[in-house]
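# need a structure here:
(one chain, ligands or ions: 2)
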Amino acid sequence: MTVPDRMWRPPADAWSRRDFMRNGFASAGLLCVLASPASLKGGRRLVTSAAMRAQARSPFEPFRRELPRIPELLPVRRTATQDIYEVTIREGMADILPGFQTPIYGYEGVYPGPTIRARTGREVVVRQRNDLTFESNVHLHGGFVPAGHDGHPMDVIPAGGSFDYHYPNLQDAASLWYHDHAHGRTSRTLYYGLVAMYALEDDLERTLELPSGDYDVPLVIADHAFNRDGSFRYIENVDLGFRGDTILVNGAVSPRMRVHRRKYRFRILNGSNSRSYDLRLGPGRAMTQIAGDGGLLARPVRRRRVPLHPAERVDLVIDFRDYAPGTELVLRNADGQGGTVAVMRFDVARGGGREDFRVPRRLRSPETLPPPAADRRWDLGFGLGAWQINGRDFDPARMDVRPRHGSTERWTFVNRSNRVHPMHIHGFLFRVLERSSGRVHPGERLCWKDTIGVLADETVTVLAWFAPYSGRYVFHCHALEHADRAMMLQLEVVP
Ligand code: C2O
Ligand code: CU
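Ligands and ions are numbered 1, 2, ... in the order given. Model (predicted):
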């Protein structure tokens, strides 16, 4: 395949996606799973990654590949106020396991999809063309987006159709992401690759002189499993959600990254269907968190462990000057076992020039919000073969809650179950007020959130702010297997 002109490839340095050019066109045969999900369970002889892992020189050996750098999308056109992009949602092939090709669905046919870099105050228009054989749509997760452009699960782009999504970008700098949201199949479409980052930048952030350019590195972490032919293996589990046995970062099995002795900013997205992570660096090393879902924290926070639930983002600065050349630092998942422990490795190299980035002691001043106009309680529980909210299944014909535009409300999520439910709201943001399990960590308290991990047996109270837009949106559990079934309700913000 030739790389489209508008797809920017990073220079061929030590950690670029060198073999990007080798991605071929899709073999449609392997991708018919969506049309007939039943074929997942039998059909092909499924030999798992666990069996392959046992072989010597297995493609699952960690730290064998350099971290692939995600390509960035270039606009096809810029006007005085807009950046205009074009994306095709299509099948593709990914080089994930050495010696294999993995069929995927991808934005521009790649996994993870190309990153869009946007600026606050400049509108982005993305013409999304759906070249798949089924409906798709695009949700800008974490974005303030007018209802008609939000990617509500019932607003879909038919096969062969296209839609122009308008993103006003009237919000603070934040690491957002975009993904498919056609109702009932997102656990499969995201798993097969329809996941990409959207890095929103603003002037305030720029003045802070945080690591940027080559030192601003998006990382998309997701667990997967494989068949012997190298294709993704999806195992449906409506209760627990999908659990893979292999960690991919930017589409490579637990890769390694050669780093200079300088500060790096990592924009980390948990792009997994249902797995939560407990990230730790090396033996007991601290990382500096500078941002969460909705953007910068009020001040940087040092952390030795960073929990990351599905769909959450965290921006971490690691200063590799603290380590001697030759040091190998492993970022690991303390919640994992076997192939889901090693996330990636940083190999500290000599050189890199003079440090010109910093992490200031103050990042952003928090805004004051009106006091809550309502109190609402949402019970998360299992009923009638599916996870539900307040005993209800998702019903697009029913409106579940109507907050007033511009108001805030106290929302309490009560989880009496033994599963984590990462609760996400479209179009609006939360501040976390209380957790029944203990104090709210400053890494979560000092920033806007759009996804909150509600732990087993936990009650979490948040302040939801219903601005800037009104209209019909949804909120749901971001364990995709839960949302696909029923664990989603609708809200309409009214004048
Ligand atoms: Cu990231 Cu409704 O989704
Ligand atoms: Cu859930």
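
# ok, for the residue of the stretch 51-200 of the chain found nearest ligand 1, nearest residue in space, not its chain neighbours?
Residue nearest to ligand 1 within the stretch 51-200 of the chain: His141 (3.6 Å; CB to the nearest ligand atom). Yep, even glycine has a C-beta here, placed from its N, CA and C like the rest. Excluding the flanking residues, the one nearest His141 by CB to CB, 6 or more residues apart in numbering is Trp177, at 5.0 Å.

# that older thread, quickly note the distance from the residue of the stretch 51-200 of the chain closest to ligand 1 to ligand 2.
According to CB to the ion, to the nearest Å, His141 stands 16 Å off from ligand 2.

# Let me know how buried that residue is, in neighbour terms.
Counted with other CB atoms under 10 Å, the neighbours of His141 add up to 24.

# Just checking, which helix or strand of this structure averages the lowest pLDDT?
For the chain, using mean pLDDT, DSSP states H and E, the weakest element among its helices and strands is strand 7-8, scoring a mean of 32.

# State the phi and psi torsions of Tyr191.
When read as degrees, to the nearest 10, the backbone of Tyr191 gives phi -60, psi -40.

# can you pull the contacts of the residue in the stretch 51-200 of the chain positioned nearest to ligand 2?
Nearest residue of the stretch 51-200 of the chain to ligand 2, counting by CB to the ion: Ser187, 11.5 Å away. With contact set as CB atoms under 8 Å, 6 or more residues apart in numbering, Ser187 has these partners: 234, 236, 241-242, 273, 480-481, 483-484.

# need the contact list for whatever residue of the stretch 251-400 of the chain ends up closest to ligand 2.
Residue nearest to ligand 2 within the stretch 251-400 of the chain (CB to the ion): Trp387, separated by 4.9 Å. Listed by CB under 8 Å, 6+ apart, the contact partners of Trp387 are 238-239, 380-381, 417, 419, 421, 477, 479, 482, 485-487.

# change it to 10 Å
238-239, 241, 380-381, 393, 417, 419, 421, 476-477, 479, 481-483, 485-488 (CB atoms under 10 Å, 6 or more residues apart in numbering).

# Thought Tyr198 was touching the residue nearest to His141, still the case?
Yes: if you go by CB atoms under 10 Å, Trp177 and Tyr198 touch, sitting 5.7 Å apart.

# in the stretch 101-250 of the chain, what residue is nearest ligand 2?
For the stretch 101-250 of the chain, CB to the ion, closest residue to ligand 2: Gly241, 7.3 Å.

# now the helices for the chain?
49-53, 186-191, 203-207, 442-445, 480-485 (DSSP state H).

# how about CSV for those, with distance to Ala456 and mean pLDDT added?
Output for the helices of the chain, formatted as CSV (distance: least, CB to CB, whole Å; pLDDT from 0 to 100):
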stretch, distance to Ala456, mean pLDDT
helix 49-53, 26, 64
helix 186-191, 21, 95
helix 203-207, 36, 95
helix 442-445, 17, 97
helix 480-485, 14, 96
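
# To Pro310, which of those helices lies closest?
Each of those has some distance to Pro310 by CB to CB; the shortest is helix 480-485, at 7.3 Å.

# And the pLDDT for Arg416?
For Arg416, the pLDDT comes out at 95.

# now Arg228
pLDDT, read off for Arg228, is 86.

# Asp19 too?
26.

# Of the contacts of Ser187, keep whichever come out buried.
Buried residues within these, defined by neighbour count using 16 or more other CB atoms under 10 Å: 234, 241-242, 273, 480-481, 483-484.

# from those residues, which single one is nearest Trp448?
Nearest to Trp448 out of the buried ones among the contacts of Ser187 is Ala483 (CB to CB; 21.3 Å).

# Return the set of residues that bridge with Tyr178.
Leu140, Ala196 (DSSP bridges).

# how deep is Phe382 tucked in, by neighbour count?
Residues near Phe382, counting by other CB under 10 Å, number 17.

# and the residue lying closest to it once chain neighbours are set aside, what does it touch?
Among residues not flanking Phe382 along the chain, Ser417 sits closest, at 6.2 Å (CB to CB, 6+ apart). Contact partners of Ser417, counting by CB under 10 Å, 6+ apart, are 239, 379-382, 387, 454, 456-458.

# can you give me phi and psi for Ser417?
With angles defined as degrees, to the nearest 10, Ser417 sits at phi -100, psi 180.

# Quick check: the residue of the stretch 51-200 of the chain closest to ligand 1 vs Pro283, distance?
In this view, His141 and Pro283 are 34 Å apart by CB to CB, to the nearest Å.

# now swap in Pro310 and tell me
Distance of Pro310 to Pro283, computed by CB to CB: 27 Å.

# Show me which of those two is the more surrounded one.
It is Pro310, of Pro310 and Pro283, that has more neighbours when counted by other CB under 10 Å, with 28 against 8.

# What pLDDT is listed against the more buried one?
On the pLDDT scale, Pro310 gets 98.

# Repeat that for Ser365.
88.

# Name all residues that make contact with the residue nearest to it when sequence neighbours are not counted.
What sits nearest to Ser365 in space, not counting adjacent residues and going by CB to CB, 6+ apart, is Ala298, at 6.8 Å. Counting by CB under 10 Å, 6+ apart, Ala298 touches 362-366, 442, 445-447.

# Turn the residues you listed into TSV, including neighbour count.
TSV is the format used below for the contacts of Ala298 (neighbours: other CB atoms under 10 Å):
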residue	neighbour count
Arg362	11
Leu363	21
Arg364	21
Ser365	9
Pro366	12
Pro442	16
Arg445	19
Leu446	22
Cys447	28
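
# quick check, nearest of these to Pro103?
Nearest to Pro103, judged by CB to CB, of the contacts of Ala298 is Cys447 at 37.3 Å.

# That closest one - nearest residue in space that isn't next to it in sequence?
Excluding its sequence neighbours, the residue lying closest to Cys447 (CB to CB, 6+ apart) is Gly292, at 3.9 Å.

# Met399: neighbour count?
By other CB under 10 Å, 13 other residues sit near Met399.

# Surely Gly284 is in contact with Arg304?
Yes: using CB under 10 Å, Gly284 is in contact with Arg304, at 6.1 Å.

# Look at these two and report which has more neighbours.
Arg304 (12 against 8).

# Now for that one: which residues touch it?
Per CB under 10 Å, 6+ apart, neighbours of Arg304: 279-282, 284-287.

# Now with 6 Å, please.
Residues in contact with Arg304 (CB atoms under 6 Å, 6 or more residues apart in numbering) are Ala286.

# Quick one, grab the pLDDT at the residue nearest to His141.
98.
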